[in-house]
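A.B. asks: Everything below, folded, please.
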Amino acid sequence: MVNQTISRFKDESLPVVAGAYGVLVASVLTQIQSNKSILGNTASQEARELRDLYKVWVQFVHGVAHTSLSRICVAEENAASLQPLVQSVIEGITVIAEPSAAKCCVQVVSRLANLWASSTDTLPGGSVPGFRDFLFENAGRAFLEVSIASWLNPKDAQGAALYGELANCQRVFEKVSSGAWGSLLSSRLLPAMGFDDALILEYLNALRGDSEKAFRDVLVRHMSLARAAA
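C.D. replies: The predicted model follows:
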């Protein structure tokens with residue numbers, strides 16, 4: 001119901017969403033965290049219901065992040081919930097294990113990077129030290145994990161769309177971090193996947209190049225190599 005309210009009334013829904021936000025975040029995050037262990041059981045009705053809740057939750061965060069309602073997340077009274085909220089979205093990239101849901105999660109992360117990771121390490125409206133590093137480190141690991149997932153096929157429409165979002169978000173990270181994202185990739189994330197210096201250099205050159213399509217193609221090719229070697 002809250003998602004429908006945001007979708008229909010956009011910025012006019014601010015009073016309703018602001019009033020419900022704290023309760024929703026606390027309740028849903030508690031449900032997700034306390035029941036996370038059952039999500040991998042695909043045969044369980046309880047797990048299916050929890051994944052459905054997870055998808056609706058991500059849609060809620062997506063709706064908030066992509067309107068002026070995003071200021072709710074960084075209001076001082078909600079600052080403490082920002083990191084757990086973002087963690088839940090990042091985990092949703094791999095936990096839900098569906099291209100369309102993962103794409104929605106990546107779009108949220110990209111939006112957050114554009115909103116909050118570009119200037120200082122302290123967010124407007126509330127002090128959250130270390131948020132940018134937290135976002136890049138955790139999102140980066142999730143991006144690479146989902147990029148080699150067995151259920152992700154770059155040749156079908158949904159898989160191609162997810163790879164496109166993964167490529168776009170990494171280019172956003174690189175832009176707003178003034179190169180810190182590329183340094184994290186080259187120093188830790190890509191070596192951990194077994195990439196040699198030549199592959200890492202090709203990846204970074206494509207990331208920092210002018211063509212998003214060229215980087216997407218390199219991303220798909222490199223992750224296919226990593227999947228085959230796993």
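
A.B. asks: Residue 208 and residue 175 touch, don't they?
C.D. replies: No - counting by C-beta atoms under 8 Å, residue 208 sits too far from residue 175 to count as a contact (9.5 Å). No exception for glycine: its C-beta is placed from N, CA and C like everyone else's.

A.B. asks: Any buried residues in stretch 157-164, and which?
C.D. replies: For stretch 157-164, the neighbour count (16 or more other C-beta atoms under 10 Å) marks 159, 162-164 as buried.

A.B. asks: out of those residues, who's nearest residue 83?
C.D. replies: Here the nearest of the buried residues of stretch 157-164 to residue 83, counting by C-beta to C-beta, is residue 162; it sits at 24.5 Å.

A.B. asks: Relative to residue 105, how far out is the closest one?
C.D. replies: From residue 162 across to residue 105, the span is 10 Å (C-beta to C-beta, to the nearest Å).

A.B. asks: Tell me the helix or strand right after the helix or strand bottoming out on mean pLDDT in the chain.
C.D. replies: Ranked by mean pLDDT, DSSP states H and E, the weakest helix or strand in the chain is helix 2-9, scoring a mean of 69. Moving toward the C-terminus from helix 2-9, the next helix or strand (DSSP states H and E) is helix 14-34.

A.B. asks: which other helices and strands contact the helix or strand that that next one is followed by?
C.D. replies: Next in sequence after helix 14-34, counting helices and strands by DSSP H and E, comes helix 45-65. Contact partners of helix 45-65 among helices and strands, from 3 or more C-beta pairs under 8 Å, 6 or more residues apart in numbering; DSSP states H and E: helix 2-9, helix 14-34, helix 79-95, helix 99-116.
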